[in-house]
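>>> Starting from these lines, generate the structure:
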Amino acid sequence: MSTLAVPPFRPRIVYPESDGLPMAENTLQFKWIVTIVGELRHLFDDNPNVFVAGDLFWYPVEGHPKIHMAPDAMVAFGRPRGERGSYRQWEEAGIAPQVVFEVLSPSNRFGEMSAKFDFYSLHGVEEYYIFNPDPDRFELSGFLRKQGRLVEIEPMHGHVSPRLGIKFTMGEQGLTIIRPDGKPFLTFEEHLRLEEQERERAREAENRAKQERDRAEKASNLAREADDRAKQERERAREADNRAKQERDRADTLQRELDQLRRQSNFPKPGDA
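Below is the predicted model:
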């Protein structure tokens, strides 16, 4: 009697897509996260093989859902953009996000940030940027991978990201991130204002163009009217010429008839003695 082998039961591994916590703890942190993620997506609009995400769970090791992190912003080169519930590295050709950003909130503690640093260092992040936007605790730190470990960037002011091509500058207004084309990162509200300004300029340009078209049409109408008047004057001149010719022809005919009558009647011509 044969016995069928029963495969061992393996429970399905769940990789949560949320921890139930908010993306940001205050409006300033939220503004910067949205700005960085949005501008990075815009920066790589023309490259379908760059994936940019914000507050997305990243699982680097298959079968270990407790090993995860959710960077405030992350960029993975060589991975197609698109929607994901989480970034499972074994499903992404084994590619780890090369660049990550963390925007600090008041509740962030040294131990938490140290654990994040260790995670990013262990799992292959090439560039790691930490930004505290609080005016009273303003700080920007950056790290680059060198010889297998993350090394702090000194100084950060003027630093250009090798992967992203963006430049970090710090001044009286705080942090400014400059795109490779020289334009600064803008907040969502600043983009809305710029778009409204562009629309207003477009409306003004269209109004000016309409005025120019109206003036051109008016000038064209005046030219047509002047041409019509000139045509009418030429027609009247031709009619006057025709009438004058007809009068000359009639006068010539009468003169010939009168001369013939004189010849027939032997009347003397005017002036004959």
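>>> How far does the helix or strand hosting Q255 sit from its chain's centre?
According to DSSP states H and E, Q255 maps onto helix 188-265. Its chain's C-alpha centre lies 48 Å from the corresponding centre of helix 188-265 when counted by C-alpha atoms, centre = their mean, to the nearest Å.
>>> what's the residue closest to the geometric middle of this structure?
H42 (8.0 Å; C-alpha atoms, centre = their mean).
>>> what sits opposite E127 in the beta ladder?
Beta-bridge pairing of E127 under DSSP bridges involves V99, L144.
>>> Could you check the pLDDT of it?
Per-residue pLDDT puts E127 at 98.
>>> Could you check how many residues crowd around it?
By other C-beta atoms under 10 Å, 22 other residues sit near E127. Using the backbone N, CA and C atoms, a C-beta is placed for each residue, glycine as well.
>>> is it true that it touches L144?
Yes - the criterion here is C-beta atoms under 8 Å, and E127 meets it with L144 at 5.9 Å.
>>> intersection of neighbour lists for the two?
Residues touching both E127 and L144 (C-beta atoms under 8 Å, 6 or more residues apart in numbering): P162.
>>> re the thing from before, for the residue nearest to the centre of the chain, what is the enclosing helix or strand?
If you go by DSSP H and E, H42 is part of helix 27-43.
>>> Which strands or helices does that helix pack on?
Counting contacts by 3 or more C-beta pairs under 8 Å, 6 or more residues apart in numbering; DSSP states H and E, helix 27-43 packs against strand 50-53, strand 73-77, strand 99-103, helix 188-265.
>>> Do me a favour and average the pLDDT over that helix.
94.
>>> List the buried residues of it.
Buried positions in helix 27-43, judged by neighbour count with 16 or more other C-beta atoms under 10 Å: 29-41, 43.
>>> Rebuild those as CSV, extending it with distance to D134.
Shown next, in CSV, are the buried residues of helix 27-43 (distance: C-beta to C-beta, whole Å):
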residue, distance to D134
Q29, 9
F30, 13
K31, 12
W32, 10
I33, 14
V34, 17
T35, 16
I36, 16
V37, 20
G38, 21
E39, 21
L40, 22
R41, 25
L43, 26
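>>> Make JSON lines out of the helices and strands packed on helix 27-43 and add distance to S161.
Output for these, formatted as JSON lines (distance: least, C-beta to C-beta, whole Å):
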{"stretch": "strand 50-53", "distance to S161": "13"}
{"stretch": "strand 73-77", "distance to S161": "10"}
{"stretch": "strand 99-103", "distance to S161": "7"}
{"stretch": "helix 188-265", "distance to S161": "21"}
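>>> That'll do, ta.
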